[in-house]
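A.B. asks: all I have is the shape, not the residue letters:
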């Protein structure tokens, strides 16, 4: 009986206990790893790689090598193509050299002729209004003929400039338009210090212009006052075309100075618009000359004493001629 129980116990033990290799696997699985915790799904070769101990680098007394800097690559730009320009020859061809020589010789001759004429002109005194007018007429004739004398030399004479630095004594006052085509020194062939110039658009003297005229005749001794209009005057044309309507900005001043001019000078049905404009330009010069006499007691006094004369004039842009006119009620100018 005991023998049978012993045999049955052995059989039961054999059935319940797992094989030796399975038991060993369980023991190994229960043993925790200090380095890596992994899931059974991770392949075995990866687990072994993780479990492998890290290799320690041997300690040495030598310093670790410094990192080698990366080589610096210089960017070389391609040079711009050089454009070879042929040198400009400064050597004149025989015809050009001959022409330049003739021009220089001609200029020298003109200077010599001008100097010779200048000696005569300098000896002519200008002490009266009539002498002043004669000088302007003669100078305008030289200008029209292309035979200027004073304006060829005046700016080139050091002695003249030095003498003018000490003072001035102009013999005439020229009140003319601001038009860029008018230069009284050239038109009358007069050099530095001979003309006292006042320029106003439309040759209409305002208060400042009147003061300038008075200064020239009272303090500088000018003998003649010329109010010079001209052909193609833009100021007179603007007033004419406005037909009494207010002009923009400060241009109303021109309308005020020429008020009634278009009414006084009616347009003739038989004349062109340009011809009517020329009559208005001449009429405006007459009017502005009268304004100076009416508004300046100083000028009126000198005119009455015969020391000063006031004359209107009219300049033709094409021919270069200046025509002097007489003021109604005044002594005739004597030269036209």
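C.D. replies: Structure received. Here the structure is a predicted model, which means the values were calculated and not measured. Residues are numbered from 1 along each chain as shown.
A.B. asks: for the chain, just list every one of the helices.
C.D. replies: 2-16, 20-30, 44-51, 94-122, 129-145, 150-153, 158-164, 184-187, 207-218, 234-242, 252-257, 261-264, 273-295, 297-304 (DSSP state H).
A.B. asks: any chance you could list what contacts the last one?
C.D. replies: Which is helix 297-304. By Cβ atoms under 8 Å, 6 or more residues apart in numbering, the residues outside helix 297-304 that reach it are 213, 214, 217, 218, 225, 292, 293, 308, 309, 310, 330. C-betas here are computed from N, CA, C, even on glycine.
A.B. asks: so the fifth one sits against residue 291, correct?
C.D. replies: What it means is residue 225. No: using Cβ atoms under 8 Å, residue 225 is not in contact with residue 291; the gap is 11.5 Å.
A.B. asks: related to what we said a few turns ago, which pair in the contacts of helix 297-304 has the greatest spatial separation?
C.D. replies: 218 and 330 (19.7 Å; Cβ to Cβ).
A.B. asks: from residue 226, how far off is residue 311?
C.D. replies: Remark: distance between residue 311 and residue 226 (Cβ to Cβ, to the nearest Å) = 5 Å.
A.B. asks: which residues are common contacts for the two?
C.D. replies: When contacts are counted by Cβ under 8 Å, 6+ apart, residue 311 and residue 226 have residue 324 as shared neighbours.
A.B. asks: quick one: low-confidence parts of the stretch 201-336 of the chain?
C.D. replies: Under the criterion pLDDT under 70, the flagged ranges of the stretch 201-336 of the chain are 329-336.
A.B. asks: what's the burial count for residue 255?
C.D. replies: By other Cβ atoms under 10 Å, the residues close to residue 255 number 18.
A.B. asks: doesn't residue 241 make contact with it?
C.D. replies: No: applying Cβ under 8 Å, one finds residue 255 not in contact with residue 241, separated by 11.4 Å.
A.B. asks: okay, the contacts of helix 297-304 in JSON lines with neighbour count and distance to residue 192 next?
C.D. replies: Shown next, in JSON lines, are those (neighbours: other Cβ atoms under 10 Å; distance: Cβ to Cβ, whole Å):
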{"residue": "213", "neighbour count": "24", "distance to residue 192": "20"}
{"residue": "214", "neighbour count": "17", "distance to residue 192": "23"}
{"residue": "217", "neighbour count": "26", "distance to residue 192": "20"}
{"residue": "218", "neighbour count": "15", "distance to residue 192": "22"}
{"residue": "225", "neighbour count": "29", "distance to residue 192": "20"}
{"residue": "292", "neighbour count": "23", "distance to residue 192": "25"}
{"residue": "293", "neighbour count": "16", "distance to residue 192": "29"}
{"residue": "308", "neighbour count": "25", "distance to residue 192": "22"}
{"residue": "309", "neighbour count": "22", "distance to residue 192": "23"}
{"residue": "310", "neighbour count": "24", "distance to residue 192": "24"}
{"residue": "330", "neighbour count": "15", "distance to residue 192": "31"}
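A.B. asks: can I get those in a markdown table with distance to residue 233?
C.D. replies: Shown next, in a markdown table, are the contacts of helix 297-304 (distance: Cβ to Cβ, whole Å):
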| residue | distance to residue 233 |
| --- | --- |
| 213 | 20 |
| 214 | 25 |
| 217 | 25 |
| 218 | 29 |
| 225 | 19 |
| 292 | 18 |
| 293 | 22 |
| 308 | 26 |
| 309 | 24 |
| 310 | 20 |
| 330 | 23 |
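A.B. asks: how long is stretch 292-307 end to end?
C.D. replies: Using Cα to Cα, to the nearest Å, the end-to-end distance of stretch 292-307 comes out at 16 Å.
A.B. asks: buried set for stretch 193-208?
C.D. replies: Using 16 or more other Cβ atoms under 10 Å as the test for burial, stretch 193-208 gives 193, 194, 195, 196, 197, 198, 200, 201, 202, 203, 204, 205.
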